[in-house]
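S.K.: The following block contains a protein sequence and its predicted model.
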Amino acid sequence: MSYSVTREKAPIYTLGSADVRSFSRNQRGIAGSLIWVNFDRHALLALVDKMGGTYIANVDDVRPQFMTDDNVFLSQNAIFNSTLVRTNGVDVGATIDQFSGQQLDEVSGFKTEALPSYSDQILPFDITLAGTNENGAATCMKIFGVEILNEGSGVSIDDAVTEMQATFVARYIEPWEVVQSPFGGGCCISDHCFGGKSGFLPSLLSRVLMSRSRTTAAFLLPKRGFSR
């Protein structure tokens, strides 16, 4: 996964000076991309299906008939025998005059709940990234309101795996933050990590930090275990 945050900032000039006076701040945009590996099915749509994710579709939308929401394998000839159908029963090749006889007896009569067949049909969701290293230090971040825009994939005899890529936009990003760890590693430099029997690593790290600046060392070193 990758993401970027961009914002429009325009320069402001005044008469009689070639130098910019200030910058006006305008809209901000958040976008990124997702890459995952497909094994024997569309990984993202399969996850949404497993979690019960649906969206409100039109009853006359054309959807593949061979797709199933059950956790079962399709038959060998399912995809070859499949046809495109509409939920309301009108044939795919129907003309516009055949739709004029559809009765609407309630406000949402032309709508139905359906499983997504494309990634861009998935409703907005959040992405949470969490990590814990071997020392026990933990961190996390979150991306809110992710909307899939584009998806693409390819198959080649030169590819070891079948990947799928998707681009997205989002509403808000909560940046990486240190979180409390059940293993005692609350930060990258902690008493738990360097409080063992050997004193070589603490002393070496102390010299490196002190060689940069005394202020940096005082900020980064833990409360105990190092000598200034």
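M.R.: Alright, I've got the coordinates. Keep in mind the model is a prediction, meaning the values are calculated, not measured.

S.K.: need the helix or strand of this protein with the lowest average pLDDT.
M.R.: The helix or strand of the chain with the poorest confidence is helix 214-220; it has a mean of 38 (mean pLDDT, DSSP states H and E).

S.K.: Would you state the strands of the chain in chain order?
M.R.: Listed from the start of the chain, the chain has strands (DSSP state E) covering 2-12, 22-38, 55-58, 62-64, 84-86, 111-114, 125-132, 138-153, 162-170, 172-179.

S.K.: will you turn these into a markdown table that also has mean pLDDT and mean neighbour count?
M.R.: Yep, even glycine has a C-beta here, placed from its N, CA and C like the rest. Shown next, in a markdown table, are those (pLDDT from 0 to 100; neighbours: other Cβ atoms under 10 Å):
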| stretch | mean pLDDT | mean neighbour count |
| --- | --- | --- |
| strand 2-12 | 95 | 11 |
| strand 22-38 | 95 | 13 |
| strand 55-58 | 84 | 13 |
| strand 62-64 | 68 | 13 |
| strand 84-86 | 63 | 14 |
| strand 111-114 | 82 | 14 |
| strand 125-132 | 93 | 13 |
| strand 138-153 | 94 | 15 |
| strand 162-170 | 94 | 17 |
| strand 172-179 | 93 | 12 |
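
S.K.: Can I get those in CSV including distance to Asn77?
M.R.: Shown next, in CSV, are the strands of the chain (distance: least, Cβ to Cβ, whole Å):
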stretch, distance to Asn77
strand 2-12, 40
strand 22-38, 22
strand 55-58, 27
strand 62-64, 15
strand 84-86, 17
strand 111-114, 24
strand 125-132, 35
strand 138-153, 24
strand 162-170, 23
strand 172-179, 46
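
S.K.: Out of those, the one nearest Val48 is which?
M.R.: strand 125-132 (8.4 Å; Cβ to Cβ).

S.K.: Run through who's touching the closest one.
M.R.: 1, 138-146, 181, 183, 185 (Cβ atoms under 8 Å, 6 or more residues apart in numbering).

S.K.: what pairs with the residue lying closest to Ser181 once chain neighbours are set aside across the strands?
M.R.: Closest residue in space to Ser181, ignoring its immediate chain neighbours: Ala138 at 4.1 Å, by Cβ to Cβ, 6 or more residues apart in numbering. In this entry, Ala138 is beta-bridged to Thr132, Val179, by DSSP bridges.

S.K.: Identify the residues contacting Ala138.
M.R.: Ala130, Gly131, Thr132, Val178, Val179, Gln180, Ser181, Phe183, Gly185, Gly186.

S.K.: In JSON lines: those, plus distance to Gly52.
M.R.: Formatted as JSON lines, those follow (distance: Cβ to Cβ, whole Å):
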{"residue": "Ala130", "distance to Gly52": "23"}
{"residue": "Gly131", "distance to Gly52": "28"}
{"residue": "Thr132", "distance to Gly52": "29"}
{"residue": "Val178", "distance to Gly52": "34"}
{"residue": "Val179", "distance to Gly52": "29"}
{"residue": "Gln180", "distance to Gly52": "32"}
{"residue": "Ser181", "distance to Gly52": "32"}
{"residue": "Phe183", "distance to Gly52": "34"}
{"residue": "Gly185", "distance to Gly52": "36"}
{"residue": "Gly186", "distance to Gly52": "36"}
